[in-house]
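J.: Quick one: sequence plus predicted model below, questions after.
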Amino acid sequence: MVQKIIEIIEYENESHKVDFKKVEYSLGREPKKNEILKDFLSFVNHISDDDKYIIIGVKELQDKSKEINEIESPTDEAKYRQFINEYIEPQINFEYGNFKYNNKTICYFRIFNNVDRPYLIRKECKNPIDGKTDFKYGDGFIRIGTSTQKIGRKEIDDILKSKQKYNNRKSDIIIHPIIGKSENNEVSIWNVKYLDINIENISNKSIELDIEMNIIKKDNFELLTESEFIREIQEKEYQRRKANSPYSISITQISTPILNIHTTTKVTDEIFGIQRNPIKSKYGITIPQNSIYEDVFLQSVILLQSSENVIEAEVIIRSDDFKDGALKKNIRFIT
């Protein structure tokens, strides 16, 4: 993602999918506090399927060159998410990150996979300084080139026409990253966590899915399957007993953990991949209408770490109800 942002800064200009901001959006008592709502609405209501980017700490000059400004204390993503979710519906998918560019910290919003248009103001939004209403319930905005305008009848008609091609149910699915404590007694006594996801079907129709998750590996944490973790603990316990016992202890005294036939893992140097296996049907899971399927991968991804981490992963979902291919979504586990 960092390389993508660098390419935008160096080779692209402001457009329907790119905006540059010299300073961060303020969430404090500032007259322009609500500006972020207008900008987000304008991007997600544009009918293109491109990812949209708002890059913070970069100013585009008249000659199209870029001026880089240090963002000294980047705002936490959770604060932006809380504010945006409070005033915009439906929920917008985005991420907020930062990195060093030319020895200065800059930030970026990546706004992606938002097809449930139109996105609108969900309640009256007042200016924190004068108390006047900045936005009313039902207000919406759309990006036209590099400018923003209020949504009118024509824009609504265009949005609804474009939305017809998304009658493939991708917008029915919400992915929730889960960090939990295992319900398996052999695992839970070691106070380790597992990584998993819950899948929510917000429609009035059930849906069948195949699903996989690819977690990006890093040096500051380790991922094991549940059976691998149990086996490793048993072997360590065996070695401890063997060292302390005057009697012969056979390796056969270590039981073999039961393999989870419902999941398959594929591990490389870069990723820890896991997928849900179909057992008695064509698809791995079926989610009833208006319900949540919890612990899709059955708590089988065990996390070992000595400090908190932000762990990134890609979830890929396939279904016959997705007419234009698989649903792919990047998620984060904040441990």
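T.: Cool, got the structure. Numbering: from 1, shown residues only.
J.: where do the helices sit along the stretch 101-250 of the chain?
T.: Ranges of helices in the stretch 101-250 of the chain, per DSSP state H, counting those that start in this stretch, are 153-163, 185-188, 226-244.
J.: So, low pLDDT: which residues of the protein?
T.: 164-168, 238, 241-260 (pLDDT under 70).
J.: now residue 127, nearest residue through space, not along the chain?
T.: residue 134 (5.1 Å; CB to CB, 6 or more residues apart in numbering). Bear in mind the C-beta positions are built from the backbone N, C-alpha and C, glycine included.
J.: Contact partners for that neighbour?
T.: Each residue near residue 134 by CB atoms under 8 Å, 6 or more residues apart in numbering is listed here: 34, 125-127.
J.: ok, now with 10 Å
T.: Applying CB atoms under 10 Å, 6 or more residues apart in numbering to residue 134 gives the contacts 31-35, 37-38, 87, 121, 124-128.
J.: Can I get the helices of the stretch 101-250 of the chain in JSON lines including mean neighbour count and distance to residue 179?
T.: Output for these, formatted as JSON lines (neighbours: other CB atoms under 10 Å; distance: least, CB to CB, whole Å):
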{"stretch": "helix 153-163", "mean neighbour count": "13", "distance to residue 179": "34"}
{"stretch": "helix 185-188", "mean neighbour count": "14", "distance to residue 179": "14"}
{"stretch": "helix 226-244", "mean neighbour count": "14", "distance to residue 179": "15"}
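J.: which stretch among those comes nearest residue 330?
T.: Comparing the helices of the stretch 101-250 of the chain against residue 330 with CB to CB, the closest turns out to be helix 153-163 (23.0 Å).
J.: which helices and strands does that closest one pack with?
T.: strand 141-144 (3 or more CB pairs under 10 Å, 6 or more residues apart in numbering; DSSP states H and E).
J.: buried residues in the strand it packs on?
T.: 141-143 (16 or more other CB atoms under 10 Å).
J.: Let me know the closest of those to residue 163.
T.: Closest to residue 163, out of all of the buried residues of strand 141-144 and judged by CB to CB, is residue 142, at 13.8 Å.
J.: quick one: the closest one from residue 46, how far?
T.: 6 Å (CB to CB, to the nearest Å).
J.: joint contacts of those two?
T.: 16, 117, 155, 159.
J.: just to revisit the earlier point, give me the buried subset of the contacts of residue 134.
T.: Going by neighbour count (16+ other CB under 10 Å), the contacts of residue 134 have 33-34, 37-38, 87, 121, 125, 128 buried.
J.: Looking at these, which are in strands?
T.: The strands in this structure, assigned by DSSP state E, contain 121, 125 from the buried ones among the contacts of residue 134.
J.: mind putting the buried ones among the contacts of residue 134 in a markdown table, distance to residue 56 included?
T.: Below are those laid out as a markdown table (distance: CB to CB, whole Å):
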| residue | distance to residue 56 |
| --- | --- |
| 33 | 15 |
| 34 | 17 |
| 37 | 16 |
| 38 | 16 |
| 87 | 20 |
| 121 | 23 |
| 125 | 21 |
| 128 | 21 |
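J.: Report the two members of the buried ones among the contacts of residue 134 separated by the largest distance.
T.: Longest span within the buried ones among the contacts of residue 134, CB to CB: 121 and 128, 15.9 Å.
J.: residues in contact with the residue nearest to residue 180 when sequence neighbours are not counted?
T.: Nearest non-adjacent residue to residue 180, counting by CB to CB, 6+ apart: residue 194, 5.6 Å away. Shown in contact with residue 194 (CB under 10 Å, 6+ apart): 178-184, 187-188, 223, 226, 229, 295, 297-303.
J.: give me the beta-bridge partners of residue 194?
T.: residue 180, residue 302 (DSSP bridges).
J.: And it, how far from residue 68?
T.: Per CB to CB, residue 194 is found 41 Å from residue 68.
J.: now residue 25
T.: For residue 25 relative to residue 68 (CB to CB), the value is 18 Å.
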